[in-house]
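Novice: Have a look; sequence and predicted model below, questions after that.
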Amino acid sequence: MAYLIHLAIISSLYAILGISLNLVVGYAGLLSVTHAAFYGIGAYTTALLTLYAGWGFFTSLVCGMAIAGCAACGIAIISGRFKGDYYALVSFGFNIIVFSILLNWQTLTRGPLGIPGIPRPVVLGMPLVQNGHFLLLALALLGVVYMASEWIARSPFGRALKGIREDEEVLRVFGYHVATYKTIICSISAMCAAVAGSLFASYISYIDPSTFTLNESIFILSIIILGGLANMRGSIVGALIFVLLPELLRFVGFPPDIAAQTRQVVYGLILILLMMYRPQGIMGEYAL
Amino acid sequence: MNIKHTRVLIVCVAVIACVFVYYAFVDQKQIDNDIRIGGAFGLSGNCAEWGEGEKMAAQMAVDEINASGGVLGKQVRMIIEDTQCENKTTVNAVMKLIHADNVVAIIGPTWGDAYQGASAVFNQTKTVGISPDTAMEALELENQPIDYIFSTYAPQRKEIDALQTHAARMGIKTVASVWDQDSYSTMMTRLFKDAAVNHGMQVVEEHEMPTGNQDFRTTIAKIKNKNPDAIFISFLAAHTKASFLKQAKDLGLQSRILSAADIQDESVLKSFGALMDGVIYTYPIATSGQKTFKEAYYAKYTTEPQGPSAVNAYDAVRILVAALASGAEGGEDLRNTLLRTRIKGAFIEDLGFNEKHQVGGGTFEVKTIRDGAFVSLQ
Amino acid sequence: MDIVPQLVVNSVIAGSLYALITLGFNLIYGTTKFFNLAHGVFAACGAYTVFWLVKIANLPLNLFVACAIGVICAGFLGWMLDVLVFLPLRKRKASSMVLMVASLGAVTAIQAVLAILFTSQFQTLETGGAGSYAYDVLGAIITETQIIIIVSSVCVVAMLGYIARYTTFGKAVEAVRDDEEIARMVGINTNRIISKVFFIGSAIAGLAGILIGFDTGIEPIMGMNILLKGTIAAIIGGVGSLYGGFLGAFVLGFVENFGIWKISGEWKDAIAFIVLIIFLLVRPQGIIKR
């Protein structure tokens, strides 16, 4: 049972990450591969503030969101003029640069040694030491992110985003300030990713830069491609599948030393097959 | 949401429900006729080289123990999970072993940075974890609790002390330090730097490189320019060590090269042999146990022990089983018993844990690589 | 200051390796217009083929023959990937992002297969064990293998230039690069041309992998890092342009090595991307405009 609770928490984290990335990729049509950077910013902010400055979890959460949001603004302004695969490449670059900063700014982040001993959140005077209680917090935050994202998606703002996705030029002609829309949605997306980061840091209690690499961004992207672009429920389903499937496969009895490689092969083949036969994912309404 | 989506959603929910049900059954099943220990090794990812060797050595120990009658009349079963050398996946593996497989203790996980996420779990669930390659100094430096965590790897401070004593005797005064951005390498380098002054040495150059980097030519050129007496290298992955040593040789680097015990990796020696000549490092004094281990490993797997920590994994299993044999149950009881257990180890003759949960009994000798073999200098 | 000749040599060596990857990558991008993330894995494939022939199967082959087989195998695998995955997608009018994600799936799977077959252990292709012969050139040291690397990259770019200018095949590739629709209307079998381009590009990548194998060593994930650098070089130099990519590779090599000289080594990877972003902001079409 405890193992399932753990998996549920990890799934919620990835669901939050998936939903937030979906806002940018699925609704605005920007192929962003830098999500792990914002995830990392949220995690490190919470780690540093709760451990060294003694601030509360929720305060650090908000700070993490603010920093991630600002970083995303800056990045969106620079990458705003690029399209399609160039945008993806620039976002790769940003992920690597943020990763390098986390790794090399050692006086702040302690670099590769990481930050251990991050405390659990304290809710109403009670520290969430029990994983079951932490799960409730994670689900609550997931709920908030989900509802906020759905609301954005259904609002006029969301419709404008879809318009940008389909044909940016037309919207510009109609007077929409496309660059502003893109910047706003990137910031919101980054802020939600930071929420997941804060949860991650206080749950595992130890973070180091190696969690926030390009591979992680690609992983999150794959979750939403599988689950379906521009569909929030799809992102949750995608997150569940990507987290639970490898755990299930543990019991299938592959010899353990090639189990992980076999999983990678399966994962790669799934991506290829998806692209060939169902590029909009399981529940998506938009194909890349 | 249309009908098609609903169907897909129902299928997904059904699959997940099945997983839950399966686990519910697994939880009830308690196979009591085996003693179950967990093996959390890095089998894929950048620590795979260490993890693979550990897994094979640990399995060899388990097989030997079972062949000679098991423990308290029961067979030992090691359930192996892949930590994938990363923080989060290590926690997943360890969680599964503890909660779903109900193991009494865990051998592993591989490597320091993956370790620390899991160490919180060990302490929380009061499960003993014996890592074959972790430096306990990492936890000590952070003032982190080490309640249930043990390591059968070489205690770093002692190792560095022996190395620096020998270096001082060789007349080395200035050292350049090169390392990659792995937590182990970073820590070794820091320990080396801090202790250098006690031996009249000084670290004059520091070169930190990204993990996975294989092009050291410019860094080596810079070091050559300054010409320090020696270079202390600390890289975790074999490809980094090999690349550096090869390029150092190509570029005619004259300074002596110093390293830690992790350079004694049989399979790297086999691939890169002569390139490693001349590297000076320290290793626990050769015991008959080390030789027997090597021969047994070769007999079983027809290959040299892989990775620097295979023999440590072997010892980890054996000391764990010795503690279990004296009747200890899991958790706190096992931990206390473990602290009192001593066996004749392969890595170190007199193997036992000190109050820092490191293996205490052993002295280090200075070795080098000559003509494609690891030879002692003393 | 006597470190400068060595830095120059190091930059040229690094640049040549990047160039080999960039040339193949550019060739493929030019005709298909998507970032093939699987390009780097063919370097690993070529290298592992030679590894298998020389060290595992222990066939009594001349080293050159083994390398030639390795190069051809890499090319063949690239060709197969196009025929099995990219061609069907192109027929479905898939967007370049779909192709990129598909190539991502391909590289994940192929790398894992290599790891299963050969383990993740770092190996070297060299059989001598003592390293290759080194020469002293104006105060800088360079090994035999490294000279071969530099010479190879020059030969490859010369060969590609010749093909592009003087053969019908080359002109057909130009045509496809300019506009695939029109090329097809004119009667060129664009799909066949593209498949051949994949073969050549992947073969060049295979060559790069083999040379890296002799210079340092091989492991299943060796392609990814060098592909990233190769892509940056391609963009700096001018995506799709043959000589642009070649030039961009050397610019990158020089910036990296001279950069480490002045800034410390840990920022090496970030430097490459910062250069990329600066170029994208200031001169997105690259040094040599197509």
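Specialist: Okay, I see it. Numbering: from 1, shown residues only, chains lettered A, B, ... in the order given.
Novice: Could you give the separation between the terminal residues of stretch B:209-219?
Specialist: 9 Å (CA to CA, to the nearest Å).
Novice: which residues sit against that stretch?
Specialist: Residues from elsewhere that reach stretch B:209-219 (CB atoms under 8 Å, 6 or more residues apart in numbering or on different chains): A:100, A:103, A:112, B:46, B:178-182, B:207, B:236-237, B:239-240, B:243-244, B:247-248, B:251, C:6-7, C:10, C:13-14, C:216-217, C:225, C:257, C:260-261, C:265-266, C:268-269. C-beta: built from backbone N, CA, C; applies to glycine.
Novice: Just the strands from the chain, written as ranges.
Specialist: Just so you know, I chose chain A. A:115-116, A:122-123, A:126-127, A:206-207 (DSSP state E).
Novice: hmm, I had chain C in mind actually
Specialist: C:134-137, C:140-143.
Novice: Ok, the stretch 51-200 of chain B next?
Specialist: Secondary structure of the stretch 51-200 of chain B by DSSP state E, counting those that start in this stretch: the strands cover B:75-82, B:105-107, B:128-131, B:149-151, B:174-180.
Novice: so how far is chain B from the nearest residue to A:G29 once chain neighbours are set aside?
Specialist: Spatial nearest neighbour of A:G29, chain neighbours left out: A:R165 (3.0 Å); criterion: CB to CB, 6 or more residues apart in numbering or on different chains. Distance, A:R165 to chain B, by CB to the nearest CB, to the nearest Å: 20 Å.
Novice: again with A:S205
Specialist: In terms of CB to the nearest CB, A:S205 sits 5 Å off from chain B.
Novice: Next, the contact list for that residue, please.
Specialist: By CB under 8 Å, 6+ apart, the neighbours of A:S205 are A:P116, A:G117, A:I118, A:P119, A:R120, B:G117, B:A120.
Novice: before we move on, what about B:A286?
Specialist: B:E365, B:S376.
Novice: do the one 3 residues further on as well
Specialist: In this structure, B:G289 makes contact with B:K344, B:G345, B:A346, B:F347, B:E349, judged by CB under 8 Å, 6+ apart.
Novice: For the stretch 51-200 of chain A, list the residues in contact with chain C, please.
Specialist: A:78, A:82, A:84-86, A:88-90, A:92-94, A:96-97, A:100-101, A:103-104 (CB under 8 Å from any CB of the partner chain).
Novice: Write a ChimeraX command that selects only the buried members of these.
Specialist: In ChimeraX syntax, the buried subset of these is picked out as below (16 or more other CB atoms under 10 Å in any protein chain shown):
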select /A:82,84,85,86,88,89,90,92,93,94,96,97,100,101,103,104
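Novice: hang on, the earlier thing: mean neighbour count, the strands of chain C: which tops it?
Specialist: Ranked by mean neighbour count, the strands of chain C are led by strand C:140-143 with a mean of 21 (mean count of other CB atoms under 10 Å in any protein chain shown).
Novice: Who are the packing partners of it?
Specialist: helix C:4-32, strand C:134-137 (3 or more CB pairs under 8 Å, 6 or more residues apart in numbering or on different chains; DSSP states H and E).
Novice: looking at the ones you listed, which has the lowest confidence?
Specialist: Among those, strand C:134-137 has the lowest mean pLDDT, at a mean of 81.
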